[in-house]
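S.K.: Build me a structure from this.
(one chain, ligands or ions: 1)
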Amino acid sequence: MKNLIQPFILLLLIVSCTPQKESRSNIDELAIDYVKLTLEIAAHDPWYWDDYYGPDSLKFTGVILDTFPKEDFLNRASSLKLELDEISKSPISLEDEKLRANWMSAQLTAVDRGIRLYSGEFGTFDEEAEDLIGVKVQSYDSTYFIEAIAELNTVLPGEGTFKERFDALISRFEVPEEKLDTCLKVAIEAVRKITLERLDLPEDESITIEFVHDKWWNAFVLPLDPYQTLLQINLDYKWDIAELINIACHECYPGHHTYGAMQAKNIYVDKGWVEILDPENPWGGPQIVIEEGLAIYANEMAFPGESYDKFAKEVIMPLAGLDTTGAYAYLLVKRFARRKLRNALTEAARGFVNGTMTENEATHWVNDFALRGSAINTVMNDRTYIAHYTCGRDLVKNYIEAHSSSDDERWEAYGKLLSTLVVPKDLVKEE
Ligand SMILES: [Zn+2]
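M.R.: Here you go, the predicted model:
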């Protein structure tokens, strides 16, 4: 009896003492390393947006060096990525492990590019976009926009130049400042109701609205905790009806607030996957492409077909005390600008980054092709960042349309993108 037991004990000892390596390749530990590394980089790069809400144990508590430790960060990002890529390729990895490893690996490619950009090492627009966005950003020549503007020209009412008639039409549908609060709350409540009928949001989610002045953005969402969001609205911005409805969808339901709450609930709380706690890379990245893509597409989710115009004309315009005469042309023009002309912003950024457009030329594209002067700062200062919006919206739209033939299926596809780890490449692959 004794002789039989001894080898068994020995075998147990061998198994339990084996590999250091096995625990090192554990995906949970790699996720912790990923969050710790990104929080440390964020502590050294003041442009990082840190809305971390995870355990204190992952926070960076070391010394912030006077000189940005570029090479050290690059080396650590690269070796972590190698370990993750091993998991992605391994035939014995589970599907969830591969999903997580792929996701973190794609973020680390963007982190690597961000470290280089912060250190003043620039590339071409396409080189930077390939690392940050992860897919090729489609390009459009000026003919595309000249033809689009000519088409729009035929529906713009009134006298004067194209720009004068465009501006005059938009200003007729501006929301008076004293009506902004009511209109916004009604719009948010409407899209919240639509979203709650379709998606399973955490019960205690909510949004607080705050009106502010002197900001370079028109609206901003600040997560107070995973399920509570502060929405700041810039009163210096001229809010027209469509912008107001769009911001309710983009920032709140089923856009950013919904994304944040569902990611936190479904990925962090339910599964314990810490990687989504990573701070926001200021240069962009795959996660931002998906999040902004979903947020821009949010109004098409909440108001498919003619329901957008109906809601604008029958609910928000009367509430704002506006005459609905000319509403058809206004809504058509806004939709056209939103869906078709937005890509002119990407081209302006591409030209500016590549040095093939002067500042004046890029401004011309932003003002006269995109009809969106308020985007000039992002185009001029944020290199490929604007493409996260334009490319993200197109990826999300194409993915949802390819995976749905009914409204139920559209929400199912949209909900899936809100609740799992996905990178832009996955959407292209599945098209
Ligand atoms: Zn956004």
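S.K.: number of nearby residues for Q138?
M.R.: A count of neighbours around Q138, defined by other C-beta atoms under 10 Å, yields 11. (Glycine included, C-beta is placed from N, CA and C.)
S.K.: Does it belong to a helix, a strand or coil?
M.R.: Assigned by DSSP: H, G, I helix; E, B strand; the rest coil, the conformation of Q138 is coil.
S.K.: which non-adjacent residue is nearest K265?
M.R.: Distances taken as C-beta to C-beta, 6 or more residues apart in numbering place P202 nearest to K265, at 4.8 Å, with adjacent residues excluded.
S.K.: how far away is Y118 from the ion?
M.R.: Y118 is 22 Å from the ion, where distance means C-beta to the ion, to the nearest Å.
S.K.: Can you verify my assumption that that residue contacts L74?
M.R.: No. Using C-beta atoms under 8 Å, Y118 makes no contact with L74, being 11.2 Å away.
S.K.: more crowded one of these two?
M.R.: Taking neighbours as other C-beta under 10 Å, Y118 and L74 compare with Y118 leading, 20 against 15.
S.K.: Find the nearest non-adjacent residue to that one, please.
M.R.: Computed as C-beta to C-beta, 6+ apart, the closest residue to Y118 that is not its neighbour in sequence is D45, at 5.0 Å.
S.K.: The one you found: how many residues sit nearby?
M.R.: Residues near D45, counting by other C-beta under 10 Å: 19.
S.K.: Quick check, pLDDT for it.
M.R.: pLDDT for D45: 93.
S.K.: repeat for the one 10 residues further on
M.R.: At P55 the predicted local confidence, pLDDT, stands at 92.
S.K.: Can I get stretch 362-376 in PDB, CA atoms only?
M.R.: Extracted in PDB, the C-alpha atoms of stretch 362-376 (Å, rounded to 0.1, in the frame of the first residue of the first chain):
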ATOM      1  CA  ALA A 362      -8.100  72.100 -44.900                       C
ATOM      2  CA  THR A 363     -10.300  74.800 -43.500                       C
ATOM      3  CA  HIS A 364     -12.000  75.100 -46.900                       C
ATOM      4  CA  TRP A 365     -12.800  71.400 -46.800                       C
ATOM      5  CA  VAL A 366     -14.200  71.600 -43.300                       C
ATOM      6  CA  ASN A 367     -16.300  74.700 -44.000                       C
ATOM      7  CA  ASP A 368     -17.400  74.200 -47.600                       C
ATOM      8  CA  PHE A 369     -17.500  70.500 -48.100                       C
ATOM      9  CA  ALA A 370     -18.300  69.100 -44.600                       C
ATOM     10  CA  LEU A 371     -20.300  72.300 -43.700                       C
ATOM     11  CA  ARG A 372     -19.000  71.800 -40.200                       C
ATOM     12  CA  GLY A 373     -16.800  74.700 -39.100                       C
ATOM     13  CA  SER A 374     -17.100  73.600 -35.400                       C
ATOM     14  CA  ALA A 375     -14.900  70.500 -36.200                       C
ATOM     15  CA  ILE A 376     -11.900  72.600 -37.200                       C
END
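S.K.: when you give positions from now on, start the count at 117
M.R.: Okay, residue one is now 117; in that scheme the one you just asked about reads as stretch 478-492.
S.K.: now it, how far from the centre of its chain.
M.R.: From the chain centre to the centre of stretch 478-492 is a distance of 21 Å (C-alpha atoms, centre = their mean, to the nearest Å).
S.K.: Equivalent analysis for stretch 531-546, please.
M.R.: Using C-alpha atoms, centre = their mean, the offset of stretch 531-546 from its chain centre is 12 Å.
S.K.: and if you look at stretch 197-204?
M.R.: The answer for stretch 197-204 is 25 Å, by C-alpha atoms, centre = their mean.
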